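Visitor: the sequence and its predicted three-dimensional model are supplied below.
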Amino acid sequence: MASTEIDHLIGTANEADRIMEISEFNSDVSSTIHAVEDHAEAIFTWDYEKGSRPRLDTLYEKAKTSQWNAQTDLDWSIEVDLDEFANEPDPLEIAYYAESPESPLYGMSDENWREVGIESLKWSMSQFMHGEQGALVCTAKIVETVPWIDAKYYAATQVMDEARHVEVFAQYLDQKLDGGIYPCNTHLGLLLDDIVSDSRWDMTYLGMQIMVEGLALAAFGFMYQTTKEPLLKKLLRYVMSDEARHVAFGVLSLQEVYASFSSAEIRERQEFAFEAALRMRDRFMRQEIWEGLGVDVRKMVEYQLNEPPELKVFQQLLFSKIVPNCKKLGLLDAGDGWLRDRFTDIGVIQFEDWADTASEYEDLDEVAKDRTNV
Ligand SMILES: [Fe+2]
Ligand SMILES: [Fe+2]
């Protein structure tokens, strides 16, 4: 990225105008496809020696035995009562958003607040689904572009995992959430386009396996802890088992690649990681919901940016996997700590010493646990 562009991004990280500049991603709502040029060569390798990268080989073997079937391992007969599980308002949120006269949502009735809860759920699940399709496409691209046979093997299992993930979120939205699908969020969509269109194969890993999937793993974990709905809980737990492997795949692969990179190349990766982090934070402004409810979107974005610290906990927790993994890859402190400074600016540096995800997948493997218990 040109230095003026990155300086602009740093200077406007917490400004509503920058976030509002990107107000629409799916401009053609009647189209069912979205095409992106992927600028990549398909790479064949003639070195078929399995296990020359032992940790990737271990991951591949693990993936083969941890496959689950969305149709037979989940109980789709469970009835979901939307009112019951979308209606658990946080008193701190109510005080800030519904009871404060400065809030664009001031005076909102309990009934409308419940609607916000239900719409937020549909919005979140929709964005998960779109993000999962992004992962499906990116990982298929990795199968083509990565030059190592162990990585091609592993990535092929991830393609299958991601197909299942898109499948379960689509089915849940269709059968349990009245088909309430939101279009791809503007910030998420642009991020996915950037990742897919970059020609460098390590950027696919950084954007998808480290940033998008790192955030997804944290977000699924948060929703898993807080929801009482049994089908969603089980579904998320299975998806998390897979996601932990996917993030490990990114960490293990990039550790090797980055070891040979120049400081200029590392700096480009740091900038890419920062831009991705900002886009992912911005997507949680949920612009599409406010637009749908007829709320002033710009005011709402500004009001959300000024949330008191106690309401920012969820936003920050979303980075609890990304920051330690960036540290493990050496991205945090390279170049005089450039990325450390950026993560400090957006208030997420406190996670740097949390567990990284290079081997967490073994603890999170729900499928293996279920089979042991049978
Ligand atoms: Fe996934
Ligand atoms: Fe994934």
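Guide: Structure received. Residues are numbered from 1 along each chain as shown. Ligands and ions are numbered 1, 2, ... in the order given.
Visitor: tell me how far the nearest residue to Glu99 once chain neighbours are set aside lies from Glu84.
Guide: Spatial nearest neighbour of Glu99, chain neighbours left out: Tyr106 (7.4 Å); criterion: CB to CB, 6 or more residues apart in numbering. From N, CA and C alone the C-beta is placed, and that goes for glycine too. Tyr106 is 27 Å from Glu84, where distance means CB to CB, to the nearest Å.
Visitor: dump the residue contacts of the closest residue to ligand 2 within the stretch 201-350 of the chain.
Guide: Nearest residue of the stretch 201-350 of the chain to ligand 2, counting by CB to the ion: His246, 3.7 Å away. The neighbours of His246, taking CB atoms under 8 Å, 6 or more residues apart in numbering as the test, are Ala135, Thr139, Gln158, Asp161, Gln209, Glu213.
Visitor: go with 10 Å
Guide: 59, 63, 135, 139, 154-155, 157-158, 161-162, 165, 208-210, 212-214, 216-217, 357, 361 (CB atoms under 10 Å, 6 or more residues apart in numbering).
Visitor: which strand or helix spans it?
Guide: helix 230-258 (DSSP states H and E).
Visitor: distance from the chain centre to that helix, please.
Guide: 11 Å (CA atoms, centre = their mean, to the nearest Å).
Visitor: any part of it near ligand 1?
Guide: No. Taking CB under 5 Å from the ion as the criterion, helix 230-258 and ligand 1 are apart, separated by no less than 5.5 Å.
Visitor: next secondary structure after that helix?
Guide: Following helix 230-258 toward the C-terminus (DSSP H and E): helix 263-283.
Visitor: now that next one against helix 230-258, angle please.
Guide: Taking axes from the mean of the first three to the mean of the last three CA atoms, to 10 degrees, one finds helix 263-283 and helix 230-258 inclined to each other by 160 degrees.
Visitor: following element in sequence after helix 263-283, please.
Guide: Downstream of helix 263-283 (by DSSP H and E), the next one is helix 287-292.
Visitor: list of residues touching that following helix?
Guide: By CB under 10 Å, 6+ apart, helix 287-292 touches 19-20, 22-26, 104-105, 115-116, 119-120, 122-124, 126-127, 182-187, 286, 295-301, 304.
Visitor: drop anything exposed from those.
Guide: Buried members of these, counted by 16 or more other CB atoms under 10 Å: 19-20, 25, 104-105, 115-116, 119, 122-124, 126-127, 182, 184-187, 286, 295, 297, 300-301, 304.
Visitor: list the residues that contact Leu136.
Guide: Counted by CB under 10 Å, 6+ apart, Leu136 has contacts Gln158, Val159, Met160, Asp161, Glu162, Ala163, Arg164, His165, Val166.
Visitor: how about a cut-off of 6 Å?
Guide: Glu162, Val166 (CB atoms under 6 Å, 6 or more residues apart in numbering).
Visitor: same deal with Lys327?
Guide: Lys327 neighbours (CB under 6 Å, 6+ apart): Glu352.
Visitor: what's the answer for Pro324, then?
Guide: By CB under 6 Å, 6+ apart, the neighbours of Pro324 are Trp354, Asp356.
Visitor: and Asn306, how many neighbours?
Guide: 11 (other CB atoms under 10 Å).
Visitor: and the residue nearest to Glu99, how far from Ile6?
Guide: 37 Å.
Visitor: of these two, which one has the most company?
Guide: Ile6 (18 against 11).
Visitor: and the contacts of helix 287-292, which of them are in helices?
Guide: 19-20, 115-116, 119-120, 122-124, 126-127, 186-187, 297-301, 304 (DSSP state H).
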